[in-house]
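>>> Just a sequence and a predicted model for now, questions to come.
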Amino acid sequence: MSSSSFNLVTRIAICTTILLLAQICLFYKNVCGNQLQHHHHHFSSSNSSDLIVNLPGQPKVNFKQFAGYVTVDQKKHKSLFYYFVEAELDPSSKPLVLWLNGGPGCSSLGVGAFSENGPFRPKGNILVKNEHSWNREANMLYLETPVGVGYSYSVDITGYDAVSDAVTARDNLVFLRRWFNKFPQYKHRDLFITGESYAGHYIPQLANLMVQFNKKEKVFNLKGVALGNPVLEFATDFNSRAEYFWSHGLISDSTYKIFTKACNYSRYVSEYYRGYVSPVCSKVMRQVGMETSKFVDKYDVTLDVCISSVLSQSKIISPQEQNGESIDVCIEDETVSYLNQKDVQKALHARLVNVRQWTVCSNILDYELLDVEIPTITIVGSLVKNGIPVLVYSGDQDSVIPLTGSRTLVHQLAGKLGLNTTTPYRVWFAGEQVGGWTESYGNILTFATVRGAAHEVPYSQPARSLVLFKSFLESRPLPQML
Ligand SMILES: *[C@@H]1O[C@H](CO)[C@@H](O)[C@H](O)[C@H]1NC(C)=O
Ligand SMILES: *[C@@H]1O[C@H](CO)[C@@H](O)[C@H](O)[C@H]1NC(C)=O
Ligand SMILES: *[C@@H]1O[C@H](CO)[C@@H](O)[C@H](O)[C@H]1NC(C)=O
């Protein structure tokens with residue numbers, strides 16, 4: 001098996017994007033460590049210096065934006081970068097929502113805020129208003145976590161070593177407590193945590209720490225958790241992709257058979273991260289990779305790929321016309337170029353420490369990849385037992401974490417918790433059209449699909465995702481036909 005197809009498959013598994021640009025820091029810390037900055041910064045605990053006056057190219061808006069750093073570890077000088085967008089109307093009456101992207105190691109700023117549900121999307125040198133921005137319903141806090149992601153950094157480069165789910169959850173908790181010192185009026189606000197993909201690990205573990213913390217001292221007013229195409233139980237989630245590929249025509253009958261019988265995907269990933277891939281798994285993955293091809297977006301099997309991004313990895317010259325469709329499949333290129341503009345970094349109060357460029361997914365972070373095998377569905381169960389409402393939603397065109405695995409996991413969890421079905425499996429509506437399907441258990445645990453949506457749901461179905469988000473915040477069942 002060639003190393004490039006290895007890389008591709010691995011990235012499909014772990015990262016929220018296959019469209020990674022060429023790695024800037026080829027030798028990771030060995031090269032980048034030389035850039036270590038020795039001057040340390042001191043961050044004020046007031047929010048006034050974090051206020052964004054104006055992002056280059058942005059239209060005029062009536063809401064406030066803030067961006068800056070919160071130090072989570074003084075010894076190693078670990079600082080996490082956030083971007084906070086107040087609600088468009090009447091922010092003081094709206095909840096606070098923390099958004100986290102996955103990876104592990106991908107940016108909530110670049111993916112979440114600028115490609116999914118933030119107020120703007122970059123296009124050339126300007127920012128276009130997103131009419132379905134989630135700040136229509138909430139005050140949105142985007143956090144680049146853990147250190148090494150986006151503009152977040154550790155001055156002491158050992159801070160990038162062996163970063164685990166546990167370290168990430170702890171740093172996120174410290175971040176939020178200190179962020180509340182900057183924004184005291186949000187401290188007692190209704191708080192929701194949302195995100196996608198590997199955030200299926202980050203969010204339940206963070207929420208669980210909050211619940212534990214609250215038992216000693218009630219600090220976090222946690223009202224609910226929403227997980228989009230999340231990794232919740234590694235084997236169920238990863239093995240559902242074989243059937244998804246097969247039923248969507250991406251692989252043949254015979255390949256489906258070997259992908260389920262000879263070597264399934266969870267076995268392959270588990271071998272890969274232990275540094276040994278058996279010949280049988282190599283062979284199966286080569287066949288799967290050949291048939292699915294890299295010219296289909298695995299995060300939405302109906303979408304075209306951004307040719308420039310794919311080519312930067314595959315180095316095949318094969319120019320293709322842009323066909324004027326409404327979804328910008330090259331949004332990631334736009335974001336990378338925008339967030340690397342010096343004037344943008346200045347406006348965001350952002351710095352590059354130990355890296356030369358802002359990247360969508362980190363090249364410097366050394367994450368404990370075997371943590372992917374920790375089953376967070378059980379943590380979701382304990383959140384529900386503690387009275388925290390949970391929504392698991394799935395973009396139904398995603399083959400990376402397919403809806404079928406998530407639906408099975410939620411259904412099984414409801415059974416284990418003894419929760420009866422309170423909303424039987426039914427369609428829900430966004431406007432006059434079906435937005436997807438939903439089922440609720442015990443009025444506290446909900447599963448929903450979003451029809452026609454990618455792994456990054458708000459990216460390809462912004463209007464439907466906003467309907468889903470609003471229902472979630474109001475803890476109402478998804479809309480039925482009028
Ligand atoms: C900024 O900090 C000041 C002083 O603590 C506080 O009164 C104000 O509410 C904060 N602004 C926001 C948007 O939270
Ligand atoms: C995947 O493969 C492993 C190892 O061969 C096996 O234990 C597991 O049952 C398989 N899972 C599925 C869903 O086939
Ligand atoms: C769930 O349904 C079963 C069977 O209808 C019933 O016996 C049980 O009381 C219900 N549980 C709750 C919590 O409503």
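Now that the structure is in, tell me what you want to look at. Ligands and ions are numbered 1, 2, ... in the order given.
>>> Let me know the pLDDT of Val392.
We have a pLDDT of 98 for Val392.
>>> Would you mind pulling up the elements that the helix or strand containing it packs against?
Val392 is part of strand 390-395, with elements assigned from DSSP states H and E. Where contact means 3 or more Cβ pairs under 8 Å, 6 or more residues apart in numbering; DSSP states H and E, strand 390-395 is packed against strand 222-228, helix 377-385, helix 403-417, strand 445-450, helix 457-460, helix 462-473. Just so you know, the C-beta spots here come from the backbone N, C-alpha and C atoms, and that holds for glycine as well.
>>> would JSON lines of those with mean neighbour count be doable?
Formatted as JSON lines, these follow (neighbours: other Cβ atoms under 10 Å):
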{"stretch": "strand 222-228", "mean neighbour count": "25"}
{"stretch": "helix 377-385", "mean neighbour count": "19"}
{"stretch": "helix 403-417", "mean neighbour count": "19"}
{"stretch": "strand 445-450", "mean neighbour count": "26"}
{"stretch": "helix 457-460", "mean neighbour count": "28"}
{"stretch": "helix 462-473", "mean neighbour count": "21"}
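>>> between those, which gets the lowest average pLDDT?
helix 457-460 (a mean of 92).
>>> Quick one: residues in contact with it.
115-117, 132, 134, 196, 228-229, 300, 303, 327, 331, 393-395, 397, 450, 452-454, 464-466, 468-469 (Cβ atoms under 8 Å, 6 or more residues apart in numbering).
>>> Which PyMOL command selects the buried ones in these?
Only the buried entries of these go into this PyMOL selection, using 16 or more other Cβ atoms under 10 Å:
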select buried, resi 115+116+117+132+134+196+228+229+300+303+331+393+394+395+397+450+452+453+454+464+465+466+468+469
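>>> ok, which stretches of the stretch 251-400 of the chain are helices?
253-261, 265-273, 279-292, 307-314, 331-339, 342-347, 377-385 (DSSP state H, counting those that start in this stretch).
>>> export those to CSV and tack on distance to Phe81?
Rendered in CSV, the data for the helices of the stretch 251-400 of the chain read as follows (distance: least, Cβ to Cβ, whole Å):
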stretch, distance to Phe81
helix 253-261, 39
helix 265-273, 28
helix 279-292, 35
helix 307-314, 24
helix 331-339, 11
helix 342-347, 11
helix 377-385, 26
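>>> out of those helices, which comes closest to ligand 1?
helix 342-347 (17.6 Å; Cβ to the nearest ligand atom).
>>> for that closest one, the distance to its chain's centre please.
24 Å (Cα atoms, centre = their mean, to the nearest Å).
>>> quick one, what contacts the closest residue to Ile258 other than its chain neighbours?
Closest residue to Ile258 apart from its sequence neighbours, by Cβ to Cβ, 6 or more residues apart in numbering: Val284 at 5.1 Å. Residues near Val284 by Cβ under 8 Å, 6+ apart: 255, 258-259, 262-263, 268.
>>> Residue of this structure nearest ligand 2, please.
For the chain, Cβ to the nearest ligand atom, closest residue to ligand 2: Asn264, 3.6 Å.
>>> Distance of that residue relative to Arg241?
9 Å (Cβ to Cβ, to the nearest Å).
>>> what about those two, which has more around it?
Legend: neighbour count by other Cβ atoms under 10 Å for Asn264 and Arg241, higher for Arg241 (27 against 19).
>>> close to ligand 2, is stretch 225-242?
Yes: counting by Cβ under 6 Å from any ligand atom, ligand 2 is contacted by stretch 225-242 at 235, 239.
>>> how about low-confidence regions in this protein?
Scanning the chain with the threshold set as pLDDT under 70 gives 1-44, 306-327, 482.
>>> Asn363 is in contact with Val355, isn't it?
Yes: the pair Asn363 and Val355 qualifies as a contact (Cβ atoms under 8 Å) at a distance of 7.1 Å.
>>> and those two? which has more neighbours close in?
Neighbours were counted for Asn363 and for Val355 using other Cβ under 10 Å; Asn363 has more, 21 against 18.
>>> How about the contacts made by the residue in the stretch 201-350 of the chain that ligand 1 sits nearest to?
Closest residue of the stretch 201-350 of the chain to ligand 1, Cβ to the nearest ligand atom: His349 (14.8 Å). Each residue near His349 by Cβ under 8 Å, 6+ apart is listed here: 49-50, 52, 67-69.
>>> okay, now Lys215: neighbour count?
Lys215 has 9 nearby residues by other Cβ under 10 Å.
>>> ok, it to Gln461 distance?
Counting by Cβ to Cβ - Lys215 and Gln461 are separated by 38 Å.
>>> Same check on Lys60?
27 Å.
>>> Looking at the two, which one has more neighbours?
Gln461 (26 against 6).
>>> what's the following helix or strand after the strand or helix carrying Leu176?
Element membership for Leu176, per DSSP H and E: helix 165-182. Where DSSP H and E defines the elements, the next helix or strand beyond helix 165-182 is strand 191-196.
>>> From the contact counts, what lies against that following strand?
strand 96-100, helix 199-216, strand 222-228, helix 462-473.
>>> Which one, of these, ends up nearest to Thr376?
helix 199-216 (4.5 Å; Cβ to Cβ).
>>> Closest one of the contacts of Val284 to Ser154?
Nearest to Ser154 among the contacts of Val284, with distances taken as Cβ to Cβ, is Tyr268, at 31.8 Å.
>>> can you pull the buried residues of the helix or strand Phe238 falls within?
Using DSSP H and E, Phe238 maps to helix 234-247. Using 16+ other Cβ under 10 Å as the test for burial, helix 234-247 gives 234-246.
>>> Just give me how far it sits from the chain centre.
Using Cα atoms, centre = their mean, the offset of helix 234-247 from its chain centre is 20 Å.
>>> One more: stretch 197-208?
With Cα atoms, centre = their mean, you get 10 Å for stretch 197-208.
>>> what's the spacing between stretch 379-386 and its chain's center?
The mean C-alpha position of stretch 379-386 is separated from the chain mean by 21 Å, Cα atoms, centre = their mean.
>>> Flag every residue of the stretch 151-300 of the chain that's near ligand 1.
183-186.
>>> Out of those, grab the one that's most surrounded.
Tyr186 (21 neighbours).
>>> ok, now how distant is that one from Arg407?
On the measure of Cβ to Cβ, Tyr186 and Arg407 end up 34 Å apart.
>>> Could you do Pro95 as well?
Counting by Cβ to Cβ, the gap from Pro95 to Arg407 is 27 Å.
>>> ok, now Leu55?
For Leu55, the distance to Arg407 - Cβ to Cβ - is 39 Å.
>>> Next: His455.
Applying Cβ to Cβ to His455 and Arg407 gives a distance of 16 Å.
>>> related to what we said a few turns ago, of the contacts of His349, which pair is most distant in space?
Going by Cβ to Cβ, the pair spanning the contacts of His349 furthest: Ile52 and Tyr69, at 13.7 Å.
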